[in-house]
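Peer 1: have a look at this prediction, sequence included:
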Amino acid sequence: MTFSPELEARFEKLLTSYPPGRQRSALIPMLLYAQDEVGSVSDEVIDEVARRIGVTPLQVNEVLSYYTMLHRKPMGKYHVQVCTNISCLLNGGDKLWEHVCKRLDLGNKEVTEDGQISIEEVECMGACSWAPAIQVNYDFHHFVTPEKLDEILDGLRKKQ
Amino acid sequence: MLYNEPSPLETRVLTRRFGIPNAASIDVYLATEGYQAFLKAARMKPEEIIEEVKISNLRGRGGAGFPTGMKWSFVPRSSPKPKYIVVNGDEGEPGTCKDRVLIENDPHQLIEGVLIAGLAVDAHAGYVYIRGEYRYLIEALEKAIGEAYAKGWLGKNIQGTGFDFDLYAHTGAGSYECGEESALLESLEGKRGVPRIRPPFPAVVGAFQCPTVLNNVETYCAVPAILRDGGAAFAALGLPKAGGTKMTCLSGHVNKPGVYELPLGFPVMKMINEVGGGIRGGRKLKAMIPGGSSCPVLTAAECEGATMDYDSMAGRKTMLGSGGVIILDDQTCMVKAAMRLMRFYSHESCGWCIPCREGTTWLRKILVRFHEGGGTRTDIDLIGDIAKNMLGRTFCPLGDAAAMPTIAFVEKFREEFEDHLNGKPCPYENATHLVTA
Amino acid sequence: MADLVNLTIDGKAVQAAPGTLVIDAAKTVGVEIPAFCYYEGLSLQAACRMCLVEVEKMPKLMTACTLPVAEGMVVRTETPQVAAARKYMLEFLLTNHPLDCPVCDKGGECELQDMTFRYGIGESRFTDEKAHTPEKQFSPVVFYDAPRCILCYRCVRICNEGLGVGALGVINRGVVSEIAPNKGDHLECDECGACIDICPVGALTSGIYRYKTRPWEMTHVGTVCTHCADGCKTTLGTRNDRILRGNNRDSSGVSDGFLCIKGRYAFDFYDHPERLTTPLARKNGKLEEVSWAEALEITARKFRENLDARGAFGVIGSNHTTNEENYYLQKFARQVLGTNHIDHHRTGDVVALFDALGEGGSAGREKLATVADLYKLKAVLILGADLALEHPLLSFQVRANYRHHRAHIYAVTPGSVREDKYSAMSIRVGAPAGSAGSGPRWEPVSGSGSADGDPSGFYHPRNAEVSTADYFAALEHLRDKLKAEPELVILFDDSFQGNDVRRLVEFGNSLGIPVRWVCLVDYSNSRGALDMGIAPELLPGYEPSGQPGMRLHEMLAAPLGALWVVGANPYEPAPGGTSPERRAGFLVVQDMFLTETARLADVVLPAASSYEKNGTFTNVTGELQRLKRAVNVMGTKPDLEIIGFIAREMGAAAALGPWAPDAVFEEIRKNVRGYDVPAPVIASGGAAQTAPLNGRIAVEAAPGLVRSEHNGLFASGTLGRYSRVLNSVLESRVGR
Ligand SMILES: Cc1cc2nc3c(=O)[nH]c(=O)nc-3n(C[C@H](O)[C@H](O)[C@H](O)COP(=O)(O)O)c2cc1C
Ligand code: SF4
Ligand code: FES
């Protein structure tokens, strides 16, 4: 399986970042970075990463299924993550979540038919003092109101 | 970038560069006494560095509050194995968002703190473990690391001191448990985030089976100031038994939520009313979670006279924790708060040990049902009982972190649980919580 | 020992070696600390929290399974606090565990049931909905029911650490964590079933046994596996004369609890529809069913006629009948039939080894390794065999030795082997078939840490051309390393025969360290057949017979008056070849199936399998263990009885003595060198090493006679063909 030259460079650096014989350390970063490029941790990604690190696909699967940010199926091009944990909840994070579900007619971890947007209810993501917060892919949006959320979603639609 | 206005009541030591244009660049850092503490430490004996940290009374800022100097002294310097410095930047404790600010605004302060730790324990490589959600920080930190290499503050023979050090940024991928030190090490080694059997502790057998210093981001960030101004000066900022300042993340129902650097021992009410600008919408304080969701909640009455430090909180059977202060107003449903937190803990339980895996799940089921109006009177005692049965019996402290706040919610707000009985709708369901526009 | 640690557990004084875990120390004074995840020999987990105990001066309860003893430690296991911890831990477990005990295979022998009975609470406080996920089939023999799983990780560890396969893992996290197989939705592994055996609850169940019975309705009979030469004990669970399962629940014999797929499941040949249950006799050129009386009468009459006519007799014995049967058979052949044409299919050159070791009149038992030695001695050298596939128990022992004692393992083999993963050094010998080049060919390969190869369980035919010169060159390369070892076990297979074995022993002697030996052989009683003198040149106990006699292949080719084949299939065509032509005037075959040999016979006598008889087997390391009859198959008879009946029919019974297994065993103990083993050890299900070594064995070497089948995990000579389990695993693999 081939990756972009940038990703290959990143992998190469990762594989030399750890003590000799400890390449397995690169596993989680490699999976996350590969997912960013490929869209999900597909079977091919598993096999390829397993091969490069020298572990079995089962060992990769054990690890990847542990981490919530790694997905076996592709999420939308824009993955909208709404925090409903305590600090966000106190500021209406749960209402934001209800709002986005209704507006897109999606459930947790579901993707719009066109594959553009997916939503996920997530745990605290470290934006408590600027709650409620959402993340679109890796971009934070703070102090989000339902209106602001609509604007963000509209913006995503326009970007397509 | 800052997300909130600083407060005049802050004591700005770790945040002293915040607000300076381009604060994160190495040029600004070097222009503002940056890396001078490292150079000073490089001329000291390792024992002297550790002694200075001990004098500073610095206690770990990740949650457990273990004295940092003492932790460093446990590393067997004479061991023939390589030693490692690991930075805990997993910041997963609900209510906590300070490490993020520290790395984003002043990454070189962290790098310098790590270098000094390296000098103290004879380590020559370090890893900064950053939660996957903070992806932008990986780029930011890698940029800073790149600058430091370029200017000779990382790599071989740093600034002619003869000291070599390599530093790497390492991403997580979504797991609160990976903030627990031994689970973090497993994750760093490319495994499931399941904690390790201890002893041995990381200081002796840590990353890659080698002696390892593992501290929170904020802990390392305090180290340059300690070396620069002296341990005693740092200690004097706080209380006799807890030196320095604490990054405090105010969130919830205050007018001015934000991350503030406050000296240890700062009065709680002053923090809420003056730093935080008081309770929003003119409402009243109902309760406060002092240090992230794992710390038992304090009632408004208990907040009176309390100060933000380890002993004052311990005296109230709670903890200073990670500095995530969550303010709950009088329109907050405590059952809902307890329920939401238990959803979190059962989602984040690694599943290794029975009491945590099954206890959090059972509690989640009861609390969800309870909040929806399906609770019975016996459930109230059962909730407290299940939590007590988890307490002290789990493999790692996550189980306790889930149990302790639950016990406090039930004990301190029992009448709110009773208000939900017999199919009654949640009394606060229609309370509007302002969302800052 | 001076450095024992003193502590007290429940007020009892305990002494234990430093490093001993409290949970084990407690056992020594009869204090049982409950545990799910702790399993002796496997890595520590501290996951189930059942073993929490109170320790003075420690603020919290401690897990006895990870806590090493310390001087002056005071442990309490019966305080109210400990009792509460156990009680509520079980309550937690039962919140998600389905209460389908009445239909669960494990019901009645379930550790969770037992613990709940002893330590649990009566009523359930859990009223919410339990999680449910459908059961999964991982392989023809392994099923997994996630809701029943208590996540003790025993299965994962036994597969990874014990078997070195690593086919099971844990996926997901928290309460939805579950066990997953290595190939997405299915397993590709040794199919040894150790995971099922070790599961404390009914989460992993056996495709063979599930929903067949309740455990308490079975009778449990401890006997010896009939497949390979390792001699694992297997406990057969039977009901109404049917075998329902195999495990080794009493952990007796050489193997503790270990079994491979053959020992655990491949007993199922016994009720194969093609199993012979009536004697056959050739009439008008066709084999027809006859009564036992008629079959025995024909046989005895033909034997008598051949005797009277001074015709030659040939006798072919078996490497999976009992010692008693082989002993009695050779006695019959030599004393009644007056022939020394007696032999069997040899699979390892044991004779050459004993001869070489006997140099200088040496009688040393200490030169022969036991199964236990493979776990104890500091270094192990494997020559030729793919041990994990051909000798699963031996390889298990070697692996455990490495895991627990960091023993140095050396593997010199033609193909890659599982030992490579942890060997101190592995060497590949030989070169691909047909490749040119001269001189010895060998190459060290980097072993440790290399990713898993092919966990298939198939023995891979060697497409390398290997000569003993290659081996000896590789051994020279290892010489210095081996010399530096404090002690060594050497295991070799049929790659070494005759003078090569002698040369190998010289190499071993030249190392100047204590060396113990194992000559690898194939079948359940291959060693016993030689020990009992099923060879023209040898009487029982390696006494030279001093008489000429035909070897097996010579008998097939000779126009004998009568040929008697007991439990062997010499007319089986060689792979890709044809069967040899039958030359004997009269052919009698005792077997379980209508094999190629039986098809050629004049009389076929349906024999009992080794699960249907009493007696003893001697395993590859010369350890003697007892067989116990588990079931009867109507119409069949044990070979010993058949031989006895033929003797009686011929009027020779008195001369031969009784043919009861115990009586013959007593005779063996008295007469066969090295077999004077302690009877109680054997009677109680234990293993005793025989000591056949006593000086040189002055017989003519016959190289080329020895041929190992190198059966993999899913093959077992003729028997394997009739095992549905082995076949279904083979099919499931080939089908993919
Ligand atoms: C469940 C759990 C989660 C934790 N998460 C974090 C975290 O996100 N960041 C952190 O620094 N420490 C966290 N800790 C505390 C660490 O285990 C450890 O005590 C700390 O990193 C040590 O650094 P310090 O001494 O500088 O505080 C967590 C502990 C537990 C039990
Ligand atoms: S308490 Fe147990 S299940 Fe929970 S996170 Fe720790 S080890 Fe995992
Ligand atoms: S046996 Fe100790 S925790 Fe399971």
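Peer 2: Here it is on my side, so go on. Ligands and ions are numbered 1, 2, ... in the order given.
Peer 1: torsion angles phi and psi at residue 33?
Peer 2: Went with chain A since none was named. phi -70, psi -40 (degrees, to the nearest 10).
Peer 1: same question, A:C83
Peer 2: With angles defined as degrees, to the nearest 10, A:C83 sits at phi -80, psi 130.
Peer 1: could you measure from it over to chain C?
Peer 2: Distance, A:C83 to chain C, using CB to the nearest CB, to the nearest Å: 19 Å. The way it works is simple: take the backbone N, C-alpha and C, and place the C-beta from them, glycine included.
Peer 1: would you mind listing what in chain A touches chain C?
Peer 2: A:21, A:54-59, A:61-62, A:65-66 (CB under 8 Å from any CB of the partner chain).
Peer 1: and residue 13, what pLDDT?
Peer 2: This is for chain A. A:K13 is assigned 96 on the pLDDT scale.
Peer 1: was after chain C, sorry
Peer 2: 97.
Peer 1: quick check, it in a strand?
Peer 2: Yes. Counting by DSSP: H, G, I helix; E, B strand; the rest coil, C:A13 is part of a strand.
Peer 1: thinking it is in contact with C:A25, fair?
Peer 2: No. With contacts counted by CB atoms under 8 Å, C:A13 stays clear of C:A25, the gap being 11.0 Å.
Peer 1: what residues are up against the spatially most central residue of chain A?
Peer 2: Among the residues of chain A, the one closest to the centroid is A:M69, at 4.7 Å (CA atoms, centre = their mean). Counting by CB atoms under 8 Å, 6 or more residues apart in numbering or on different chains, A:M69 touches A:32, B:132-133, B:173-174.
Peer 1: which stretches of chain B have low pLDDT?
Peer 2: B:1-2, B:434-437 (pLDDT under 70).
Peer 1: all strands of it, in order?
Peer 2: Taking DSSP state E as the criterion, chain B contains strands spanning B:84-89, B:125-130, B:166-171, B:212-216, B:245-252, B:258-263, B:266-267, B:285-289, B:298-299, B:307-308, B:324-329.
Peer 1: if we can go back for a sec, who wins for most neighbours among the contacts of A:M69?
Peer 2: Ranked by the number of neighbours (other CB atoms under 10 Å in any protein chain shown), those place B:E133 first, at 28 neighbours.
Peer 1: pretty sure that one sits against A:C124.
Peer 2: No. B:E133 is beyond contact range of A:C124, at 9.1 Å (criterion: CB under 8 Å).
Peer 1: quick one: contacts of the helix or strand C:L726 falls within?
Peer 2: Per DSSP states H and E, C:L726 falls inside helix C:724-734. If you take CB under 8 Å, 6+ apart as the criterion, helix C:724-734 is touched by C:139-141, C:188, C:191, C:208, C:261-262, C:265-266, C:268, C:272, C:456-458, C:714-716, C:720-721.
Peer 1: please list the members of these that lie in helices.
Peer 2: Taking DSSP state H, the ones among the contacts of helix C:724-734 that sit in helices are C:261-262, C:265, C:720-721.
Peer 1: look at the closest residue to ligand 1 within chain A and report its pLDDT.
Peer 2: Of the residues in chain A, the one nearest ligand 1 is A:G126, at a distance of 9.1 Å by CB to the nearest ligand atom. At A:G126, the pLDDT value in this model is 97.
Peer 1: need the strands for chain A, in chain order.
Peer 2: Under DSSP E, chain A gives strands at A:78-83, A:117-122, A:134-136, A:139-141.
Peer 1: who are the packing partners of the last one?
Peer 2: The criterion is 3 or more CB pairs under 8 Å, 6 or more residues apart in numbering or on different chains; DSSP states H and E, and the helices and strands that strand A:139-141 contacts are strand A:134-136.
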